[in-house]
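[1] generate coordinates for the sequence data below:
(chains A and B)
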Amino acid sequence: MSKIRKKLIGKGDVRVDGRKPGDLRPIKIEIGLLERADGSAYIEFGKNKILAAVYGPREVYPRHLSLYNRALIRCRYHMAPFSVEERKSPAPSRRETELSKVIRDALEPAIFCELYPRTVIDIFIEVLQADGGTRCASIAVASLALADAGIPMKDLVAACAAGKVDGLLVLDLDDVEDKEGEADLPVAYIPQMEAVTLLQMDGSLTRDEFEEALKLAVDGCKRIYALLKEALRGRYLAAGNVVREEVKKINGGGS
Amino acid sequence: MLFVKSRQLVIPGDLLAKGDYAAGENVYKERGGFYASKVGLVNFENQVIHVIAVEGVYLPSANDLVVGKVVSVGLSEWVVDINSPYSGVLFVSQTSRRSFDSRKDNLMDILDVGDVIVANVLEFDRTRDPRITIQGHELGKVTSGYVVKVTPTKIPRLIGKRGSMIKLIKSRTGCQITVGQNGFILVRGKRVEDEALAVEVIRMIERDAHTSGLTNKVGEFIEKARRNDW
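    All right, here's what the predicted structure looks like:
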């Protein structure tokens, strides 16, 4: 008995959700929405809904984890039980532990850890709704939360996946495309350093396809990066004359 | 070559300048370019480029006045929460106590857990926790008043140009206010109502730190509160 698979690419290269192969899903960003966190951000990436909170730099507990020459970065990626169709156990799964690790590794090169030795920076990522590509969206939203917390960084980190669906290279795969397609290639990219800090692949691509998919993903990262920057700037500029006033005090102020 | 104007809002990764400049606060140099490392406002000091951060933690520096709370008592020192990733260490030798014999005397008779102190930072280099002292004018244990916590980066705003803002609050509310550089602010007044008003004003400044004409707004706010009070 073979399952009849739905066609993922329709006439004129239209994908299941109506996008073109090179299109991103619509993105909505909010920054600084958690009162008690040092920094926070929320992203809606298509149907993904992800919340990130950052605490720190702060004292490390348990003490023995602290590093004498740099800040420790801890990251927890967690999916809410209601984030997927079938209830997910709230206990951290193998997959979540692994994603926490790769997300931390993707963000770490952008952070100036050496400025705060013997401290910890905690990153909490909560996936409220998942629809494929959560690791990429998590990296992007966590980098915004870090910037919001006032943690010194080289640059924001953008992330985006590319892949192959029904023989066609596409950008930013959603859940169906990821599961039914031939390959998925998530990439995190730091534009200022021109560095790729996450590169995974699931499925199979030829060497040429890989090269092309990587190029496509990095291009997607750059587009997401522009949106991240705009969102972060917007948070402060929206408040009107924030900026001019803050500087006045600095130039004229004294204790 | 400059890519930003003075007082412009920048975010991490923004290219600020290329060429003959120097990296100041929250700015880093890489491949000949100067980039911002925090969200903040650009400030030039001759050829040095600074970014004045909007958010951030308190990093102790020598001679800073801080307000702190004792969190634990050791054999010859106290550990003090100074609203920073690094907690302050206060040795007995840095108190006004002339002699201390650990066999006879009890540290808790001098300061106990929960006590609030006004202290000065002696030294700090990030490899060890900052040493603080309570020897000095107007330093030591606090016995009355409120402690308000604000974001450390908003302290200059609370002080104002040459202390204009803090002077205004002090004179209009009749409270004695000790502004710790670490973001803890100690308010002491003759009446509880005065203290409550000063606390409310400080919270308002933290909330509206980004708006213009804040000093006037604060003045009006206090006047209005005063009229209702009487």
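
[2] pLDDT below threshold where in chain B?
    Residue ranges of chain B with pLDDT under 70: B:210, B:229-230.

[3] where does the stretch 101-250 of chain A have low pLDDT?
    Low-confidence segments of the stretch 101-250 of chain A, defined by pLDDT under 70: A:238-250.

[4] could you pull out the helices for it?
    Here the stretch 101-250 of chain A has its helices, by DSSP state H, counting those that start in this stretch, at A:134-148, A:175-180, A:207-237, A:242-252.

[5] looking at the ones you listed, which is nearest to chain B?
    Distance to chain B, taken as Cβ to the nearest Cβ, is lowest for helix A:242-252 among these, at 3.5 Å. (Glycine included, C-beta is placed from N, CA and C.)

[6] hang on, isn't A:Leu168 packed against A:Pro21?
    Yes. Between A:Leu168 and A:Pro21 there is a contact at 5.8 Å, judged by Cβ atoms under 8 Å.

[7] what do these two both touch?
    Common contact partners of A:Leu168 and A:Pro21 (Cβ atoms under 8 Å, 6 or more residues apart in numbering or on different chains): A:Asp13.

[8] residues touching the residue sitting nearest the centre point of chain B, list them.
    With distances taken as Cα atoms, centre = their mean, B:Gln181 lies nearest the centre of chain B, 2.1 Å away. Counting by Cβ under 8 Å, 6+ apart, B:Gln181 makes contact with A:255, B:58, B:64-66, B:152, B:155.

[9] picking up where we left off before, in TSV: the helices of the stretch 101-250 of chain A, plus mean neighbour count and distance to A:Phe124.
    Formatted as TSV, those follow (neighbours: other Cβ atoms under 10 Å in any protein chain shown; distance: least, Cβ to Cβ, whole Å):
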stretch	mean neighbour count	distance to A:Phe124
helix A:134-148	28	9
helix A:175-180	17	23
helix A:207-237	18	19
helix A:242-252	18	27
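
[10] distance of A:Lys215 relative to B:Lys18?
    28 Å (Cβ to Cβ, to the nearest Å).

[11] who are the neighbours in contact with residue 27?
    No chain specified, so I'll use chain A. By Cβ under 8 Å, 6+ apart, the neighbours of A:Ile27 are A:43-46, A:224, A:227.

[12] you looked at the wrong chain, it should be chain B
    Counting by Cβ under 8 Å, 6+ apart, B:Val27 has contacts B:16, B:34-37, B:49-51.

[13] can you tell me which two in those are farthest apart?
    The most widely separated members of those, counting by Cβ to Cβ, are B:Tyr35 and B:His50 (13.0 Å).

[14] more neighbours, these two?
    Neighbours per residue (other Cβ atoms under 10 Å in any protein chain shown) separate B:Tyr35 from B:His50, with B:Tyr35 holding more: 24 against 20.

[15] so B:Val4 touches B:Val10, yeah?
    Yes. Using Cβ under 8 Å, B:Val4 is in contact with B:Val10, at 6.2 Å.

[16] next, show the common contact partners of these two.
    B:16, B:42.

[17] comparing these two, which residue is more hemmed in?
    A count of neighbours by other Cβ under 10 Å puts B:Val10 above the other of B:Val4 and B:Val10, at 23 against 19.

[18] ok, that one touching B:Asn43?
    No. Checked against Cβ under 8 Å, the pair B:Val10 and B:Asn43 is beyond contact range at 10.6 Å.

[19] overlap in contacts, the two.
    B:Val51.

[20] how close does B:Ile159 get to A:Phe45?
    42 Å.

[21] and what of A:Pro191?
    Taking Cβ to Cβ, one finds A:Pro191 at 18 Å from A:Phe45.

[22] okay, those two: which has more neighbours?
    A:Phe45 (27 against 17).

[23] just give me the neighbour total for B:Lys217.
    By other Cβ under 10 Å, 15 other residues sit near B:Lys217.

[24] list the contacts of it.
    Residues in contact with B:Lys217, defined by Cβ under 8 Å, 6+ apart, are B:204, B:208, B:211.

[25] what subset of these is also close to chain A?
    With Cβ under 8 Å from any Cβ of the partner chain as the criterion, those include B:Thr211 near chain A.

[26] closest one of the contacts of B:Lys217 to chain A?
    The nearest member of these to chain A, counting by Cβ to the nearest Cβ, is B:Thr211 at 6.6 Å.

[27] name the SS class of that closest one, please.
    Under DSSP: H, G, I helix; E, B strand; the rest coil, the three-state class of B:Thr211 is coil.

[28] quick one: it from A:Gly234, how far?
    For B:Thr211, the distance to A:Gly234 - Cβ to Cβ - is 17 Å.

[29] likewise B:Val48?
    Going from B:Val48 to A:Gly234 by Cβ to Cβ gives 29 Å.

[30] burial measure for residue 65, as a count.
    Just going to use chain A. Neighbourhood size, A:Leu65 [other Cβ under 10 Å]: 10.

[31] you looked at the wrong chain, it should be chain B
    Neighbours around B:Leu65, by other Cβ under 10 Å: 17.

[32] list the contacts for it?
    B:118-120, B:178-181.

[33] and it, how far from B:Ile155?
    B:Leu65 is 11 Å from B:Ile155, by Cβ to Cβ.

[34] and for B:Ser84, the neighbour number?
    When counting by other Cβ under 10 Å, one arrives at 25 neighbours for B:Ser84.

[35] quickly note the distance from the residue nearest to it when sequence neighbours are not counted to B:Leu90.
    Residue nearest to B:Ser84 in three dimensions, not counting chain neighbours: B:Tyr58, with 4.4 Å by Cβ to Cβ, 6 or more residues apart in numbering or on different chains. As judged by Cβ to Cβ, B:Tyr58 and B:Leu90 stand 17 Å apart.

[36] how about B:Tyr21, nearest residue that isn't a chain neighbour?
    B:Gln47 (5.1 Å).

[37] from what I see, that neighbour and B:Gly24 are in contact.
    No. B:Gln47 is not in contact with B:Gly24 according to Cβ under 8 Å; the separation is 9.6 Å.

[38] look at these two and report which has more neighbours.
    Ranked by neighbour count (other Cβ under 10 Å), B:Gln47 and B:Gly24 place B:Gly24 first, with 17 against 11.

[39] what sits against that one?
    B:43, B:45, B:48-51.

[40] if I look at it, how far off is chain A?
    Between B:Gly24 and chain A the computed distance is 12 Å (Cβ to the nearest Cβ, to the nearest Å).

[41] how close does that residue sit to A:Ala137?
    In terms of Cβ to Cβ, B:Gly24 sits 34 Å off from A:Ala137.

[42] could you do B:Lys18 as well?
    According to Cβ to Cβ, B:Lys18 and A:Ala137 sit 33 Å apart.

[43] same thing with B:Tyr28?
    B:Tyr28 is 27 Å from A:Ala137, by Cβ to Cβ.

[44] name the nearest residue to the residue nearest to the centre of chain B, ignoring sequence neighbours.
    B:Asp64 (4.2 Å).

[45] surely that neighbour touches B:Val118?
    No. Contact criterion Cβ under 8 Å: B:Asp64 and B:Val118 do not qualify, at 11.5 Å.

[46] which residues of chain A fall in strands?
    Secondary structure of chain A by DSSP state E: the strands cover A:27-31, A:39-45, A:48-59, A:72-79, A:119-129, A:158-165, A:168-171, A:183-190, A:195-199, A:202-203.

[47] neighbours of residue 36, how many?
    Unless you meant another one, I'm taking chain A. Counted with other Cβ under 10 Å, residues neighbouring A:Arg36 total 7.

[48] hm, I was asking about chain B
    A total of 29 residues lie near B:Ala36 under the criterion other Cβ under 10 Å.
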